[in-house]
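> Build me a model from this:
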Amino acid sequence: MKNFTKIISLGLLAMILACSPEPLDEFEEISQPQENNLEFGAKNAKQSKIEGIRVTYKLREADVPGVSGFITIRDAGVKGVEAFIKLKNTTPGLMHPVHIHEGVFGSEGPRAKTLNPVNGSSGISKTYFTHMDNGDVADFDELVNQREYYVGPHFSMEDMETLLAVGNIGVLDPPVECSDCDGGLDRLAFQYNGDKTARVSVKQSNGQVIFQQDLDPEEQFTITGTGHDNTFGDKIYIYVNHHKVAKIHTDCEESVLVGDTFDDFEVVDGNSVLGGPICDAPEEEPEPECSDCDGKVNYLSLKYTGKHGAKVTIKQSQDHKYVYHGYVKPGEVIKINGRAHDGSFGKELKTYINFICKDDIDTSCDEAIGPGSKFGYLTVVEGTSTEGGELCEVTEDDEDDENECDIKEWWHKHSSKCKKDKKTYCGNYGWWHKHSSKCYKKAKKCKIKSRWHKHSYRCK
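Sure thing, here's the model as predicted:
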């Protein structure tokens with residue numbers, strides 16, 4: 001009776017395959033088995049460790065013609081390890097037992113892990129596990145990088161001798177390479193990164209709910225399509241606590257990559273019908289440590305480079321708000337922050353050394369500014385702008401030292417050396433200096449006399 005049932009089932013399967021159009025392979029044609037099963041997978045052996053947190057291996061045709069597929073092993077985070085098997089041309093209505101065995105196929109290795117059976121109607125087996133059958137903790141790295149295992153789904157519980165497909169997984173076997181999405185996505189795995197437990201539902205564009213479950217933070221889940229070719233159709237929708245939070249195009253018109261994030265859901269694995277495993281999203285280029293001034297300057301660190309201590313005052317030109325006022329020593333660094341409505345300095349800063357107006361600092365970003373910029377005896381050490389963040393270094397020609405008479409104490413300004421420079425004395429000093437007899441008489445004489453007097457050598 002047992003053999004009769006087996007013969008009838010195989011006969012029905014042969015009729016189905018004969019009457020069905022030839023299906024498209026998920027991957028490139030799988031090579032025929034070698035004469036010595038112990039050598040299977042060893043021909044193109046690779047000893048390098050597999051990068052990433054997921055890897056896919058081919059399952060080639062075995063005792064039942066036309067049945068083949070793949071197995072994906074991946075690190076599933078808090079859920080341990082996921083083993084996902086997808087076979088084509090399985091028998092509807094049957095459940096096909098499957099196990100992971102130690103060693104390579106043909107070595108009759110002991111059973112290491114019992115997986116959920118492959119559903120003959122969908123060709124899918126999906127198993128999350130944290131421990132192997134012997135009680136050892138399941139470890140992704142150990143499964144794919146350190147040892148060799150093989151997988152061979154059986155025809156049924158009554159017929160364990162007949163294998164649908166076989167494949168080695170682990171150190172010796174090259175995994176299937178990722179590819180661009182092609183033919184529509186038929187599987188996606190996500191990690192939920194919300195901050196609290198939530199009811200998560202996923203619907204296809206035809207309205208069919210394909211997933212609904214309460215998920216904890218960092219919990220992962222896998223969904224498979226139910227449409228044509230077992231795809232999702234053109235899009236899926238994700239709901240959290242009955243509110244739609246994300247729409248994902250699954251028809252390959254837009255790329256979906258491992259690492260892509262949709263609201264609180266990160267793609268951790270996926271597969272397309274014709275392309276196989278989807279690839280990782282390219283790593284984002286690190287944010288530049290600095291950038292050119294953009295927007296307006298909102299912070300500056302300034303080093304005072306004068307030879308003598310001085311009273312330094314800095315204020316914003318537009319609203320006259322003071323951002324610094326104090327005595328500084330040579331080499332001292334002062335830090336100032338913008339006080340305008342947007343947190344910036346506005347367009348310009350006025351600087352005063354010992355109450356004398358000195359260089360203006362353009363903070364509008366119209367001119368280059370950054371570490372190295374010099375404004376008299378103030379040199380920019382660091383700074384930021386509202387739109388560009390940290391300012392990059394600016395290389396400028398060393399400026400000539402300004403007249404020491406401008407920054408020294410009152411008694412220095414009145415030394416014989418300083419008084420010789422009448423322009424500095426009369427133009428840069430305070431109100432009372434500008435109106436001294438020396439400055440006042442000259443200005444009055446040149447102003448009220450006739451044109452030829454104004455052009456005399458005394459006025460020039």
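
> Every contact and neighbour count from this point should use C-alpha atoms.
OK.

> pretty sure Gly270 contacts Pro277?
Yes. Counting by CA atoms under 8 Å, Gly270 does reach Pro277; the two are 5.9 Å apart.

> the more surrounded of these two?
Legend: neighbour count by other CA atoms under 10 Å for Gly270 and Pro277, higher for Pro277 (28 against 25).

> Distance of that one relative to Asp139?
Distance, Pro277 to Asp139, by CA to CA, to the nearest Å: 21 Å.

> how about the nearest residue to Gln220 once chain neighbours are set aside, what does it touch?
If the residues on either side of it in the chain are set aside, Gln220 comes closest to Gln191, at 4.2 Å by CA to CA, 6 or more residues apart in numbering. Counting by CA atoms under 8 Å, 6 or more residues apart in numbering, Gln191 touches 218-221, 265-268.

> Try it again at 10 Å.
76-77, 215-222, 259, 261, 264-269 (CA atoms under 10 Å, 6 or more residues apart in numbering).

> cool, Ile85 as well?
Taking CA under 10 Å, 6+ apart, we find Ile85 in contact with 56-59, 69-73, 98, 115-119, 123-127, 151, 153.

> Name only those of the residues you listed that count as buried.
Restricting those to buried positions leaves 56-59, 69-73, 98, 115-119, 123-126, 151, 153, with burial counted as 16 or more other CA atoms under 10 Å.

> Make a ChimeraX selection of whichever of the contacts of Gln191 turn out to be buried.
For selection in ChimeraX, the members of the contacts of Gln191 meeting the burial criterion (16+ other CA under 10 Å) are listed in this command:
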select :76,215,216,218,219,220,221,222,259,261,264,265,266,267,268,269
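
> Against Asn337, how distant is Gly69?
Separation of Gly69 from Asn337 (CA to CA): 63 Å.

> To clarify, my last question referred to Lys296.
From Lys296 across to Asn337, the span is 12 Å (CA to CA).

> which of those two has more neighbours?
Neighbours per residue (other CA under 10 Å) separate Lys296 from Asn337, with Lys296 holding more: 24 against 17.

> Show the contacting residues for that one.
When contacts are counted by CA under 10 Å, 6+ apart, Lys296 is found next to 338, 342-348, 362-366, 384-388.

> try it again with 7 Å
344, 346, 363-365, 385-386 (CA atoms under 7 Å, 6 or more residues apart in numbering).

> Pull out the buried members of these.
Burial by neighbour count, judged by 16+ other CA under 10 Å, picks out 344, 346, 363-365, 385-386 from these.

> How about Phe232: what's its closest non-neighbour residue?
Computed as CA to CA, 6+ apart, the closest residue to Phe232 that is not its neighbour in sequence is Gly225, at 4.2 Å.

> Would you mind listing the residues in contact with the one you found?
When the contact criterion is CA under 7 Å, 6+ apart, the partners of Gly225 are 186-187, 231-232.

> Pass me the low-pLDDT residue ranges in the stretch 301-450 of the chain, would you?
Using pLDDT under 70 as the threshold, the predicted model of the stretch 301-450 of the chain has low-confidence ranges 396-450.

> quick one: the strands in the stretch 301-450 of the chain?
Counting by DSSP state E, counting those that start in this stretch, residue ranges of the strands within the stretch 301-450 of the chain are 310-316, 322-328, 333-337, 348-353, 356-362, 374-375, 378-385, 389-390.

> quick one: which of those strands is nearest Glu254?
With distances scored as CA to CA, the stretch of the strands of the stretch 301-450 of the chain nearest to Glu254 is strand 389-390 (32.5 Å).

> Parallel or antiparallel, which strands does that closest one pair with?
strand 378-385 (antiparallel) (DSSP bridges).

> Give me the contacts around the partner strand.
Residues from elsewhere that reach strand 378-385 (CA under 7 Å, 6+ apart): 293-305, 370-374, 390-391.

> tell me the centre residue of the chain?
Using CA atoms, centre = their mean, the residue of the chain that lies closest to the mean C-alpha position is Glu284, 4.6 Å off.

> any idea how far Ser255 is from that one?
Taking CA to CA as the criterion, Glu284 is separated from Ser255 by 16 Å.

> Give me the neighbour count for Asp180.
Residues lying near Asp180 (other CA under 10 Å) number 17.

> what sits against it?
For Asp180, counting by CA under 7 Å, 6+ apart, the contacting residues are 275, 278-279.

> neighbour-wise, which of these leads?
Ile278 (24 neighbours).

> Quickly list the domain ranges of the protein.
Here the domain parsing of the chain from automatic domain parsing is 26-32+40-170, 185-277, 297-398, 406-454.

> quick one, which of the ones you listed is nearest to Cys178?
Shortest separation from Cys178 across the domains of the chain is recorded for domain 185-277, at 4.8 Å, computed as CA to CA.
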